[in-house]
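>>> Quick one, what's the 3D model for this:
(chains A and B, ligands or ions: 1)
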Amino acid sequence: MARTLIEKLWDAHTVADLGDDATLLYMDRVFLHERTGSVSLKGLEAAGRAVRNPEQVFCTMDHIVDTLPGRGDDTIMPFGKNFITTTREAADAAGITLFDIGDDRQGIVHVVSAEQGITLPGLTQVCPDSHTCTLGALGALAWGIGSTEGEHALATKTLAVNKPKSMRVTFDGALGFGVTAKDMILTLIGKYTASGGVGHAIEFTGPAIRALPQENRFTVCNMAVEFAAFTGVIPPDDTTLDYVEGRPYAPTGATWDRAVQYWRTLKADDDAAYDKDIAIDCTRIVPAVTWGTSPGHGSRIDGVVPDPSSAPNANTRSAWERALEYMDLTPGTPLEGLPIDAAFIGSCTNSRLSDLRDVAKVVEGRRVAEGVKAIVVPGSSQVKKAAESEGLDKVLIEAGFEWRESGCSMCFFAGGEHFGEQERVISSTNRNFENRQGPKTRTHLASPTSVAASAIAGSIADVRKLGQ
Amino acid sequence: MTLQMQKFTTLTSVAAPIMRVNIDTDAIIPSREMKGVTKEGLSVGMFANWRYTNVDARVEDPDFILNQASYRDVEILLSGENFGCGSSREHAVWALKEWGIRCVIAPSFGTIFYGNCVRNGILPVVLQEDTVKAFAKAMEDSNGTAALQIDLPDQNVMGPDGGQYTFDIAPADKEMLVEGLDPIGLTLKRDAEILAFQVRDKTARPWVYL
Ligand code: SF4
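Predicted coordinates:
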């Protein structure tokens, strides 16, 4: 029978059929971080259980650690140090490889996992973090779990999982000038709402996906969870293999050749059937920016704040009303030109080297507008080093950006680094929820180049107008 | 008290009646009591809003039943219907367990809470409201000296008066409790299958095994 890519990955990892649609799936990799990974490790320890294959488990410091220069174990977040030291001790006791503060492999979990070649095509991988789906861009089946499930994966090398439904999202055509992977995914979520993918595992395909460089593919899969999907995958191709080859944990020599042979089979059969099929015409996508407090509140850069009275139903209307109040916006206001207090470039969505190169191109020879706080946080210590060796840091600093150490930083507020109350921030991150980037902070999601153009303009800007 | 799974076969203990209905997980463990990196240290916050007259200073309310001498070491709670309703926080069960509760008897339970109990080695027993009330009265009349005897393999509770009351429990839940297994323990029973998978897989996908 013809199978989808997800079905092939599922079958390849089935240890046992548990009945009732549940499968005991083999977990190739588990990745942890100090915020929730520490809870999993302590939970296991308290139960007197061991990590089954510690050599296939990794851990990094990204969520709580500060990103200011000269950082250490002490954090702005109260009690943050406890998470850091607990994680270090627990990882050490369990024999897990930790990318600690100061290690040049440290960085945001999903950035680091790909960068180090820990995630490979065809693997299953879980992490107690919802954006683990980012790694689906390598053709891996990767998704976020809770701490207690984390314990299960660590102790047994498996998870009991219900099989999701299948969805194919085809991006047809080609992207226009100034339009990015971020605009593709924001447009999809804006069109089909933030619950459009619920219960489904998505395969992203089509010419526009195939044309994307690997780093930009991560951006698309990163936000599958903002579409409420179980996860998203992109079938591996030459672009994927070129990215993976030579990475520290990737296979070499004859094993590499064998792996490639297998990876070439990782695509849907021609007549595979999907529960849901969506197609998006990329020639019609323009730079996107959100106006509200859900990633589904997406709009065209040349659009206006919507009127709740035009909402499709009562629930949506009240959600829009609440979002407008939180964001302090009135219906009909053009998004372009909306004054901002801050601009943030970072997170596992958009902070890789190619993002920083694109941003540097936009800001080179220009200045961040007066009164705008502009911050760049590289996705990993490797990204930071590479950017510095190319001089991107200088370009950004000269333009007026702050240049930080790697970590999640102001992607989310858990008591540590954050933006101010009621500040309007344009951000390259993935969540614009209430209080996500700080207490009462107002977040507008956009591509990194849109964020850069807006930082220069001092208001939400159309990057295309800055010229080729 | 560790959080390890204990096998549950029989249990004889005084039971503390907290006979309100709809006791939610927020009452069992208020959110401000959930501070740490682990599942431990939660028992001091258990029922904090009822147990203390001053929560911050931990000043006990002598009227609250679990603060009374004869009920301090109980392993069984009696309660009204819908015990453990509300949010899914597993911390409620971790708190009860750490405090030493091994069984809760009520006319009904919150669904998620019921599952969390079983997963953590606490036996939730559903009995008719009249029966639970009669147990509660026997406890009060005896000043907390009467005891209940629970036999899980037999699915039976013996009251202070010698009366026998049977209860229902799903076979899988019963197995998990009697054998002292949690979902991890249950999966580990498939150890041989997991190992066999690894052996096969290592030949097929050697690059996966670092
Ligand atoms: S960068 Fe943001 S979204 Fe990504 S892992 Fe960190 S907190 Fe989560």
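>>> pretty sure A:Y26 contacts B:I194?
Yes: with contact defined as CB atoms under 8 Å, A:Y26 counts as touching B:I194 (7.5 Å). (Glycine included, C-beta is placed from N, CA and C.)
>>> joint contacts of those two?
A:V15, A:K157, A:T158 (CB atoms under 8 Å, 6 or more residues apart in numbering or on different chains).
>>> Make sure the second one is actually in contact with B:I194.
Yes: contact status for A:K157 versus B:I194: in contact at 6.0 Å, counting by CB under 8 Å.
>>> Quick check: residues of the stretch 1-150 of chain A near chain B?
A:15-16, A:24, A:26, A:28, A:38-39, A:42-43, A:46-49, A:55-56, A:79, A:82-83, A:86, A:120, A:122-123, A:148 (CB under 8 Å from any CB of the partner chain).
>>> Just the buried ones from the residues you listed?
Buried subset of the residues of the stretch 1-150 of chain A next to chain B (neighbour count, 16 or more other CB atoms under 10 Å in any protein chain shown): A:15-16, A:24, A:26, A:28, A:38-39, A:42-43, A:46-47, A:49, A:56, A:82-83, A:86, A:120, A:122-123, A:148.
>>> Which ones among the residues you listed map onto helices?
Among these, the ones falling in helices (DSSP state H) are A:S38, A:V39, A:K42, A:G43, A:A46, A:N82, A:F83, A:T86, A:T148.
>>> can you pull out the strands in chain B?
Along chain B, the segments classed as strands by DSSP state E run B:10-13, B:15-18, B:52-54, B:59-60, B:76-79, B:103-106, B:123-126, B:148-151, B:156-158, B:164-166.
>>> now the residue of chain B found nearest chain A, nearest residue through space, not along the chain?
Chain A sits closest to B:W207 of chain B, with a gap of 3.7 Å, by CB to the nearest CB. Nearest non-adjacent residue to B:W207, counting by CB to CB, 6 or more residues apart in numbering or on different chains: A:P251, 3.7 Å away.
>>> A:C348: which element?
For A:C348, there is no host helix or strand (DSSP states H and E).
>>> just checking, it touches A:S113?
No: between A:C348 and A:S113 there is no contact, the gap being 9.7 Å when judged by CB under 8 Å.
>>> contacting residues for residue 185?
With no chain named, the answer covers chain A. Per CB under 8 Å, 6+ apart, neighbours of A:I185: A:T219, A:V220, A:N222, A:M223, A:E226, A:F227.
>>> wrong one, chain B
B:G185 neighbours (CB under 8 Å, 6+ apart): B:M5, B:M176, B:E179.
>>> Just want the phi and psi numbers for A:W256.
The phi/psi pair for A:W256 (degrees, to the nearest 10) reads phi -60, psi -50.
>>> how far away is the residue sitting nearest the centre point of chain B from B:K97?
Nearest residue to the geometric centre of chain B (CA atoms, centre = their mean): B:I122, 3.3 Å. Distance from B:I122 to B:K97, counting by CB to CB, to the nearest Å: 6 Å.
>>> Equivalent analysis for A:D28, please.
33 Å.
>>> Determine the set of other helices and strands touching the least confident helix or strand in chain B by mean pLDDT.
For chain B, using mean pLDDT, DSSP states H and E, the weakest element among its helices and strands is helix B:111-119, scoring a mean of 84. Where contact means 3 or more CB pairs under 8 Å, 6 or more residues apart in numbering or on different chains; DSSP states H and E, helix B:111-119 is packed against helix B:91-99, strand B:123-126, helix B:171-178.
>>> Of these, which stretch is the most buried?
Mean neighbour counts were compared across the helices and strands packed on helix B:111-119 using mean count of other CB atoms under 10 Å in any protein chain shown; the top stretch is helix B:91-99, at a mean of 24.
>>> per-residue confidence averaged over it?
The pLDDT scores in helix B:91-99 average 94.
>>> What is it packed up against?
Going by 3+ CB pairs under 8 Å, 6+ apart, helix B:91-99 lies up against helix B:25-28, helix B:111-119.
>>> any chance of those helices in TSV, with distance to the ligand and mean neighbour count too?
Shown next, in TSV, are the helices and strands packed on helix B:91-99 (distance: least, CB to the nearest ligand atom, whole Å; neighbours: other CB atoms under 10 Å in any protein chain shown):
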stretch	distance to the ligand	mean neighbour count
helix B:25-28	27	21
helix B:111-119	26	21
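>>> residues in contact with A:T180?
A:N216, A:T219, A:P287, A:D358, A:S447, A:P448, A:T449.
>>> ok, now B:Y114?
By CB under 8 Å, 6+ apart, the contact set of B:Y114 is B:G84, B:P124.
>>> With A:L138 instead?
Contacts of A:L138 by CB under 8 Å, 6+ apart are A:A114, A:T119, A:L120, A:P121, A:Q214, A:I234, A:P236, A:T240, A:Y243, A:V244.
>>> State which one residue of chain B is found closest to the ligand.
Residue of chain B nearest the ligand, by CB to the nearest ligand atom: B:V37 (17.6 Å).
>>> tell me, how many neighbours does that residue end up with?
Neighbour count for B:V37, taken as other CB atoms under 10 Å in any protein chain shown: 22.
>>> just A:P439 next, same as before
13.
>>> Quick check: which element contains the residue nearest to it when sequence neighbours are not counted?
Distance criterion CB to CB, 6+ apart; nearest residue to A:P439, sequence neighbours excluded, is A:E421 at 5.6 Å. For A:E421, there is no enclosing helix or strand under DSSP H and E.
>>> Quick check: the gap between whichever residue of chain A sits closest to chain B and the ligand.
Nearest to chain B in chain A, going by CB to the nearest CB, is A:P251, at a distance of 3.7 Å. From A:P251 across to the ligand, the span is 27 Å (CB to the nearest ligand atom, to the nearest Å).
>>> Could you report the neighbour count for that residue?
21.
>>> What parts of chain A come near the ligand?
By CB under 6 Å from any ligand atom, the residues of chain A that approach the ligand are A:62-63, A:108-110, A:129, A:131, A:347-348, A:408, A:411-412, A:430.
>>> possible to save these as TSV with pLDDT and neighbour count?
Formatted as TSV, those follow (pLDDT from 0 to 100; neighbours: other CB atoms under 10 Å in any protein chain shown):
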residue	pLDDT	neighbour count
A:D62	97	28
A:H63	94	26
A:I108	98	31
A:V109	98	29
A:H110	98	32
A:D129	90	26
A:H131	95	27
A:S347	98	28
A:C348	98	29
A:C408	96	29
A:C411	95	26
A:F412	90	20
A:N430	96	26
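>>> and A:P339, how many residues sit next to it?
Counted with other CB under 10 Å, A:P339 comes out at 13.
>>> contacting residues around it?
Contact analysis of A:P339 by CB under 8 Å, 6+ apart lists A:R424, A:G458, A:S459.
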